[in-house]
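Student: What would the 3D arrangement of this be:
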Amino acid sequence: MSTLIRGLGRLVLFLALGAPAVQLWAQPPLTTIRDTVYRADGQPFNGIVLIEWKTFQASNNANIGTQGTTVRVVNGNLFVRLTPTTSAYNAYYLVRYNSDGQFQFSEIWSVPSSSAALRLRDIRATLLPGGILTGGGSGGVVVGETSGGAIPGFGDAEVPAGAINGSNDTFVLANAPSPAASLALFRNGLLQTAGNDYTLSGATITFNAWAIPQLDDTLEAFYRTPATGGNSNHSLLSTIHSDTTPTSPTRGGLIVGSGAGTPTWTQLPLGQAGRCLTSNGSDAIWSPCLYTGLTPGSVPFVDSNGSLSQNSTTLAYNNLSRRFSIGNNTPRSTLNVYDASANGTTELTVRAGIGQGSVPMQTWISNAGQSLAFVNADGGFNVRRILTNSTSIRPGFSDAGTATDPASGFLADGDTWFNTGTRVRKTFEGGQTHSSVQVVCSNSGSITSTTAFAELGTCTIPSGYLFTGDRLQIEATFMHTGGTSASEIDVLAGSVTLAGRAIPAGDDVYTLNLSIGLGTDMAAWSAQTVGVASGTNMSLGQTAFTSGAAFGPLRLRARILTAGADAMRLINFTVRRLPQQVNP
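Tutor: Sure, this is the predicted structure:
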């Protein structure tokens, strides 16, 4: 033990008296960077930020070794403390953002010395050819800046003035944030939303009713103030900056980087009228405005950003076949309009001019120069023939109709239309309007051998179909088989019997003809039945009728008077409507 103590004593004495002097440097200064990072879709960024740097010497001569660090970002919140780089030569940070295990994007940081926390927009920089930094901290080259480098002021963790008592909604900052959007206001550590939780006017914060700070709440504000500093003004391009060429700005001039080796900022004068700014691969130059980057066959257009653009798959012209395609690039016809959008609407519009007169708005001509079809100036469509295709879903021809017939002065022989008031299709011939006969029902019937009346055929006539002046015709043919029993037939409209007849056993075929005239308040009819053996039988009748009301349904019935092997069959029946037509 004594030997060990004597050895330690000699070591202490050597370090105190005989060891060479060693200089120890203090920890380098640090600048706080605090901001919120979002994705392009507005969602907070979640992932890691990889920060790398090359070795450099800090402002207090502390040596910063080549290294990197990883910072985790949760719900967009970024917080890191780094050594300032603006006082060191060729020093900056390379920052890479990763999310979901994939590289997202990268950027350069130039960090100045600051006692207040900085945001990303205060440190983002651009690395130009030759290792020149622009933007970011004051150490970068800022074109057009006053010499000395103005730096914005900051309000860092400031407590706004105002009573926190649960009712006061107005608080005042020491300075007005500039820009106003730089204000980050926290209540109990939670970021408040401008416009939703509060409004800002100058340096005054006014909370909305639902966000008024309550007793024991805490408020903190972080914001920027207008830039100050700089010692003298100088021209936009001046020798004060080592990377610019001395000159006086001229109207329309552009600042561009040019020159071989280490490029410098210089001025490109405004080009001649009708010239466009292009690239020759090395420098920006004025050239003739001829855009040569289009795909052959594409039709250029101005996009939503006001830029000349193209889409060779949806707007194209085939010069060889002289065919123009809209919506695709398939040259199937002279003009091919194709809307492939799932929710798109295809609409073609031709608008006549004020001097259209009687000249057709559209004309289709054969290769021999003959007119095949045209649209008149009044909207009439003239064509040699019309081909339609009816389907199980819809008819091939549809006429919306008119409640009042067109004036005779505008009608010509062969005109046809549908009258919606009388539910009739009409034509015009010989100076008169004529209504078309309508077949309401026409079908074969069923058979019965029962002694009770059975419906062998029915016809439903809807309301709003029969009107005063119309005539309804019913024709039917019955067959009696067996020949051992008499039979009976009748026709009913609803519960009203229109006609009926008893048939002797020996009659095997007989017909029924019924004609019903519809008046203003009555429906009157005459019926005729004819049997092969029993001859002809006539009957008349009438019942109340209201124009446009339902009539029926019509029911054709039969029965066998004595049960057995006899049967009654309805061979066929037809119901026709003869619409009223006035021709004085």
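
Student: Would you mind measuring from the most centrally placed residue in the chain to V337?
Tutor: The centre of the chain sits closest to N343, judged by Cα atoms, centre = their mean, with a distance of 7.7 Å. Distance, N343 to V337, by Cβ to Cβ, to the nearest Å: 17 Å. In short, each C-beta sits where N, CA and C put it, glycine included.

Student: before we move on, the earlier item: helix or strand for the residue nearest to the centre of the chain, which one?
Tutor: Assigned by DSSP states H and E, N343 belongs to no helix or strand.

Student: again with V491
Tutor: In this assignment (DSSP H and E), V491 forms part of strand 487-493.

Student: Likewise for R121?
Tutor: helix 120-123.

Student: just checking, what packs against that helix?
Tutor: Contacts defined by 3 or more Cβ pairs under 8 Å, 6 or more residues apart in numbering; DSSP states H and E place helix 120-123 against strand 31-36.

Student: Same question for the helix or strand just after the strand it packs on: list its buried residues.
Tutor: Scanning forward in sequence from strand 31-36 by DSSP H and E, the next helix or strand is strand 47-53. Of the residues in strand 47-53, G47, V49, L50, I51, W53 count as buried by neighbour count, 16 or more other Cβ atoms under 10 Å.

Student: Skipping adjacent residues, who's closest to the first one in space?
Tutor: The shortest distance from G47 to any non-neighbouring residue, by Cβ to Cβ, 6 or more residues apart in numbering, is to S99 (3.3 Å).

Student: residues touching that neighbour, list them.
Tutor: Residues in contact with S99 (Cβ atoms under 8 Å, 6 or more residues apart in numbering) are R39, F45, N46, G47, I48.

Student: Surely the second one touches V73?
Tutor: Yes. Using Cβ atoms under 8 Å, F45 is in contact with V73, at 5.6 Å.

Student: what's the overlap in contacts for the two?
Tutor: Listed contacts common to F45 and V73 are V37; contacts here mean Cβ under 8 Å, 6+ apart.

Student: Averaged pLDDT, the helix holding R121. What do you get?
Tutor: Average pLDDT, helix 120-123: 89.

Student: Name the residues of that helix that are buried.
Tutor: Applying 16+ other Cβ under 10 Å to helix 120-123 flags D122, I123 as buried.

Student: Tell me the helix or strand right after it.
Tutor: Per DSSP H and E, the first helix or strand lying C-terminal to helix 120-123 is strand 124-128.

Student: Partner strands of the strand holding V491 and their direction?
Tutor: Strand 487-493 sits in its sheet next to strand 496-503 (antiparallel), strand 554-560 (antiparallel), going by DSSP bridges.

Student: Out of the ones you listed, the one nearest A161 is which?
Tutor: strand 554-560 (93.7 Å; Cβ to Cβ).

Student: how far does that closest one sit from the chain's center?
Tutor: Taking Cα atoms, centre = their mean, to the nearest Å, one finds the center of strand 554-560 at 61 Å from the center of the full chain.

Student: shift numbering so it begins at 25
Tutor: Will do, 25 is the new start, and the previous item becomes strand 578-584.

Student: what's the following helix or strand after it?
Tutor: Where DSSP H and E defines the elements, the next helix or strand beyond strand 578-584 is strand 591-602.

Student: got the angle between that following strand and strand 520-527?
Tutor: 140 degrees (axes from the mean of the first three to the mean of the last three Cα atoms, to 10 degrees).

Student: Could you chop this structure up by domain?
Tutor: Following automatic domain parsing, one finds the domains of the chain at 55-166, 177-252, 292-361, 384-413, 462-602.

Student: Adding distance to A424, write those out as a markdown table.
Tutor: A markdown table is the format used below for the domains of the chain (distance: least, Cβ to Cβ, whole Å):
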| stretch | distance to A424 |
| --- | --- |
| domain 55-166 | 49 |
| domain 177-252 | 52 |
| domain 292-361 | 26 |
| domain 384-413 | 14 |
| domain 462-602 | 17 |
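
Student: can you tell me which of these comes nearest to Q456?
Tutor: Closest to Q456 of the domains of the chain is domain 462-602 (Cβ to Cβ; 15.8 Å).

Student: ends of that closest one, how far apart?
Tutor: 7 Å (Cα to Cα, to the nearest Å).

Student: Then stretch 233-245?
Tutor: The first residue of stretch 233-245 is 19 Å away from its last residue (Cα to Cα).

Student: That one - what's its average pLDDT?
Tutor: Rounded mean pLDDT across stretch 233-245 is 92.

Student: Over to stretch 599-608?
Tutor: The pLDDT scores in stretch 599-608 average 91.

Student: So which bits of it are buried?
Tutor: Neighbour-count burial for stretch 599-608 [16+ other Cβ under 10 Å]: V599, R600, R601, L602, P603, Q604, Q605.

Student: and what of stretch 115-127?
Tutor: Buried residues in stretch 115-127, defined by neighbour count with 16+ other Cβ under 10 Å: A115, Y116, Y117, V119, R120, Y121, N122, S123.

Student: can you tell me which of those residues lies nearest to L151?
Tutor: Of all these, Y116 has the smallest distance to L151: 6.9 Å, by Cβ to Cβ.

Student: Show the pLDDT at the closest one.
Tutor: 88.

Student: tell me the most buried of the strands paired with strand 511-517?
Tutor: strand 578-584 (a mean of 23; mean count of other Cβ atoms under 10 Å).

Student: who's in contact with T79?
Tutor: For T79, the contact set (Cβ under 8 Å, 6+ apart) comprises N87, I88, G89, T90.

Student: do you know how far the third one is from D429?
Tutor: Right, G89. From G89 to D429 the distance is 100 Å (Cβ to Cβ).

Student: more crowded one of those two?
Tutor: Taking G89 and D429 together and counting by other Cβ atoms under 10 Å, D429 has the greater number of neighbours (17 against 8).

Student: so the more buried one, which of the three states?
Tutor: coil (DSSP: H, G, I helix; E, B strand; the rest coil).

Student: which stretch among the strands paired with strand 511-517 comes nearest N192?
Tutor: That would be strand 578-584 among these, by Cβ to Cβ, at 86.5 Å.
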